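Engineer: Sequence isn't available, so here's the structure alone:
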């Protein structure tokens, strides 16, 4: 008796072969391990020349995640909240996360079975008549039999072929091509999430810096108006002295010229106030000018905190979003190397098809019209002009470049923190020196006015003393503003500010709909 093959037995045998192959194969390419950044144990700027820690910097505590609260300004706190909720760049970053999650899902789908339904209609001319003629035509016994001749004539005519079937295919990930692709997509999703965190930190710093600039311009405007009041009084004094013959007209003209020069500074402060207000409105997702009424008022000088928590250099790599993003990019590049190496190996797939086929729709779904096919397929790259090998070399080069980029990012982060600490320390010393200058200039101006009123010195002495005093006052305000700017730069360099505002799940879910 002929041996008949049972399809179930065939599938069982194929499954056994696949399991044995899976046991002997593994993902190709290098396995990723998080890099260990080389960082110093302490910040060099936080130690004095004797190695003693400076009191103004606390390395034992991590930076406050909501560091802008240290400025004690409720309006700034509100602006930060509104910026997180309404900033358009931040919303774009969330959409990129949603896109990267979709890419990861697509990569995972490559390792799952693919099932689809298909229906087709074909009108076929099989060409049997030509085959019959090529072999000497129909035998005489068929030609002389009307029934047989009719059947032969029907077979040589075009036929209709109706097919309804289910197709299934599954690419076996024996060499890790799919798993490495999923790993790379997951790392790229992580990189997009870290990029969003970095955008959040940059946004918070920009809101705070712009707000400080606005308050600084308002303060300088008020200081300039106060200087103008003093200059008007001095102008009246010079006019009075000239009227009573104790002064000269040139003294009056000189004072009027100095007063006009001071007045010319007001428009630039007004422009800075308007520009900063417009910038803040855009940062929170509003139209320019929307915050004008809310931001109106006088400026202020923000006080520095007694101590600034900076943490240790070892914690910077886990806190800075750009370092975490560079690490995720390195992870993705490492996984892509595995994908390129796996492409050198065969692709093995399982395919199956089950359906019905007939020349008539009347009998299409008859049990006798069923058919099926099942079996594996192997695709082995033999010659592609060196493209696959070049792709491996390209992936390895990109992996090495990502590793160097990670090291560069760590060094830049360390440098930014050290530079911010140096600037904050030196600008504090500079501010103290300017304060002494202001005190000395005020004393000099008072003495000069008294001496001029008594006719002891010329009016030019008073003008010089007044000019030096005004310049010192403006310089002091700018120095104090620079200190706050240094503090904000330090907070941004430390990388804190993203921990308190985790990515909401509904944000990406709404983007994925």
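Structural biologist: Right, received. Where do you want to start? Only a predicted model underlies this, so the values are computations on that prediction, with no experimental measurement involved.

Engineer: contacts, neighbours, all on C-alpha from now
Structural biologist: Will do.

Engineer: just the strands in the stretch 251-400 of the chain please.
Structural biologist: Assigned by DSSP state E, counting those that start in this stretch, the stretch 251-400 of the chain shows strands spanning 308-309, 347-358, 370-379.

Engineer: Identify whichever of those strands lies nearest to residue 210.
Structural biologist: Nearest of the strands of the stretch 251-400 of the chain to residue 210, taken as C-alpha to C-alpha: strand 308-309 at 21.1 Å.

Engineer: Export the strands of the stretch 251-400 of the chain as a markdown table, with columns for distance to residue 223 and mean pLDDT.
Structural biologist: Formatted as a markdown table, the strands of the stretch 251-400 of the chain follow (distance: least, C-alpha to C-alpha, whole Å; pLDDT from 0 to 100):
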| stretch | distance to residue 223 | mean pLDDT |
| --- | --- | --- |
| strand 308-309 | 29 | 87 |
| strand 347-358 | 76 | 87 |
| strand 370-379 | 80 | 86 |
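
Engineer: For residue 392, which of these is the nearest?
Structural biologist: Of the strands of the stretch 251-400 of the chain, nearest to residue 392 by C-alpha to C-alpha is strand 347-358, at 16.9 Å.

Engineer: what's next to that closest one, contact-wise?
Structural biologist: With contacts defined as C-alpha atoms under 8 Å, 6 or more residues apart in numbering, strand 347-358 is touched by 161-174, 364-366, 369-380.

Engineer: Quick one: neighbours of residue 426, just the number.
Structural biologist: By the criterion of other C-alpha atoms under 10 Å, residue 426 has 12 neighbours.

Engineer: Residue 479 versus that one, what's the distance?
Structural biologist: Going from residue 426 to residue 479 by C-alpha to C-alpha, to the nearest Å gives 11 Å.

Engineer: picking up where we left off before, rebuild the strands of the stretch 251-400 of the chain as JSON lines, extending it with distance to residue 232 and mean neighbour count.
Structural biologist: Rendered in JSON lines, the data for the strands of the stretch 251-400 of the chain read as follows (distance: least, C-alpha to C-alpha, whole Å; neighbours: other C-alpha atoms under 10 Å):
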{"stretch": "strand 308-309", "distance to residue 232": "43", "mean neighbour count": "20"}
{"stretch": "strand 347-358", "distance to residue 232": "89", "mean neighbour count": "18"}
{"stretch": "strand 370-379", "distance to residue 232": "92", "mean neighbour count": "13"}
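
Engineer: And the ones you listed: which comes nearest residue 492?
Structural biologist: Here strand 308-309 is closest among the strands of the stretch 251-400 of the chain (C-alpha to C-alpha), at 12.7 Å.

Engineer: just checking, residue 435 touches residue 477?
Structural biologist: No. Look at residue 435 against residue 477 with C-alpha atoms under 8 Å: they stay out of range, at 9.6 Å.

Engineer: who has more neighbours, those two?
Structural biologist: Neighbours were counted for residue 435 and for residue 477 using other C-alpha under 10 Å; residue 477 has more, 21 against 18.

Engineer: part of a strand, is that one?
Structural biologist: No. Residue 477 sits outside any strand when classified using DSSP: H, G, I helix; E, B strand; the rest coil, being helix.
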